[in-house]
Every structure is written in C-alpha cells, then in structure tokens.
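Student: Sequence plus the predicted model coming up.
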Amino acid sequence: MTCLKIKGIVFDLDATLIDLGEHVRWREAQGEVIEAYRTCGCSEEMIASCTSKGLFNLMHEMETRLTATKSREEIDELREKIWKLLDSYEDEGVQMCGFMPGTRETLEWLKAQGIKMAVCTSNSGDVAKQILEKLEVSQFFQSVIGRTPGLLMKPHTDQVLACFKEIGVDPRDGVMVGDSHNDVLAGKAAGARAIAVPVYFTNKSAMEAARPDATVKSMKELPEALLGFR
C-alpha cells in the first residue's frame, strides 16, 4: 500500500477507459440529433453555429441556447427524445468495444492502493454498466453516472460531484481523469485535480486552455502521475 494523497478517482468512459466511440455510428447519430432540433423549430443558423463542435458539445450548446426560447418542459421533452436516440446507437457498440491501452492493469493497481473509483460519462449510464460488466471490471467502480435527468453533463460539475458523493470522497482529495477538455474543466470546477489523457481527436488547444494538473499519454502512465501528487 502506497501513501497516495489521492483517495478517489472519477473517470470519463469513452476514449479514456474503453474505445466505445470507435464502434458507434456517430455521424448518423448526429444527423438524427440535428433533425430532432430542426423538428422542434430550431433555426438552421443556430444549429450550424453549434454543429462543428462535436455531438456532445453540440447538445450542450443547443440546450444552453434553447433556454432563451423554450420552456423547461419543452427542453426536457426534447432531451429525452435525443437521449433515447443516442442510447440505441451506443447500444450497438457494447459487444465490440474493448479497453484503451493499460486500463485493466491500472485499475487493478488503483484497487490495490485502496483508491475508490467512479465513472462519469456523457454516454448512457446503462450502456456504461453493460460495458464494464462485459469487460469484467464493474467491481472496480462504486459509482457509474451517465446521462441523468436533473444532472447537467460535463463541463458542468453535476455528474462529477454526484460521483464523488457516491464514493464518499471529498473532491479536494480526488482526481478527474479524461480525454476531453470538458472532463478537465468539470473536474477542476468541482474542486478536484484533473489529469488529461489526450487521444487523436482531442482538441489540443482547448485542453491546454483547460490547464490540467497533469497529462499522460495513456492509462499506463496514470500511476506515475498520481504518485507525483504526494
């Protein structure tokens, strides 16, 4: 048992622990999401200004803007429709996805250190749990929080704080680990440290602007980074 300062870690899921995104038809999913926004009366100008930012950023930006023109009930109804659509696409990738390099070994190391772990994802919570069970690592996580009514997604702190609460760790004693600047922003805003694990599609300039406390090339390097927080 090492004397780590860190007591808990909240992980992003896709492209951090596992490669779900490589097996999901995101382009088609985004097309359907955009059509859902058109159907509810969103202007082409509004949609176009958000579309280039990636699917989950698109959803975050659109919901933020819709608060000025739609009622809470209308926004909630549209969100539920879009989430169900995404659930069906993500479910297709469950059986095909696998670990990102070093994930299994690192999770075992963290468990040996007595570190509590959670997953905070913009993906479906049910899909996340299915994947963790399929890959036989669900036992490592005391909390798995995906898209949840009433919890704003990253870069908001809602999901991250809920994870830390469920594993019983003060965010100041914890770390958020993820491949996106939104993971870093959410973790730091929650009061935790943040470690970036960039992948090929990570927005490098946005990640640098988010100022992670450490950056690693893969999950294999995470233990060394954590030991540096002593």
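Tutor: That came through, no problem.
Student: burial count for residue 68?
Tutor: 6 (other C-beta atoms under 10 Å). All C-beta spots, glycine's among them, are computed from the backbone N, C-alpha and C.
Student: Residue 60 too?
Tutor: There are 20 residues near residue 60, going by other C-beta under 10 Å.
Student: from memory it sits against residue 153, does it?
Tutor: Yes - assessed by C-beta atoms under 8 Å, residue 60 is found in contact with residue 153 at 6.4 Å.
Student: list the contacts for residue 105?
Tutor: 219-220 (C-beta atoms under 8 Å, 6 or more residues apart in numbering).
Student: That one - that's part of a helix, no?
Tutor: Yes - Residue 105 sits within a helix when classified using DSSP: H, G, I helix; E, B strand; the rest coil.
Student: Can you give me the separation between it and residue 9?
Tutor: Noted for residue 105: a distance of 15 Å to residue 9, by C-beta to C-beta, to the nearest Å.
Student: quick check: domain ranges of the protein?
Tutor: Domain ranges of the chain: 8-19+97-227, 25-91, per automatic domain parsing.
Student: Please render those as JSON lines that adds mean pLDDT to the earlier fields.
Tutor: As requested, the domains of the chain are exported to JSON lines (pLDDT from 0 to 100):
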{"stretch": "domain 8-19+97-227", "mean pLDDT": "97"}
{"stretch": "domain 25-91", "mean pLDDT": "91"}
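Student: Out of the ones you listed, which one sits most buried?
Tutor: domain 8-19+97-227 (a mean of 20; mean count of other C-beta atoms under 10 Å).
Student: chain center to it, what's the gap?
Tutor: 7 Å (C-alpha atoms, centre = their mean, to the nearest Å).
Student: so where do the helices sit in this structure?
Tutor: 26-39, 44-51, 55-66, 72-91, 103-112, 125-134, 158-167, 181-189, 204-210, 222-227 (DSSP state H).
Student: wait, what's in contact with the residue most central in space within the chain?
Tutor: Taking C-alpha atoms, centre = their mean, the centroid of the chain lies closest to residue 121, which sits 3.2 Å from it. Residues near residue 121 by C-beta under 8 Å, 6+ apart: 12-14, 128, 144-146, 159.
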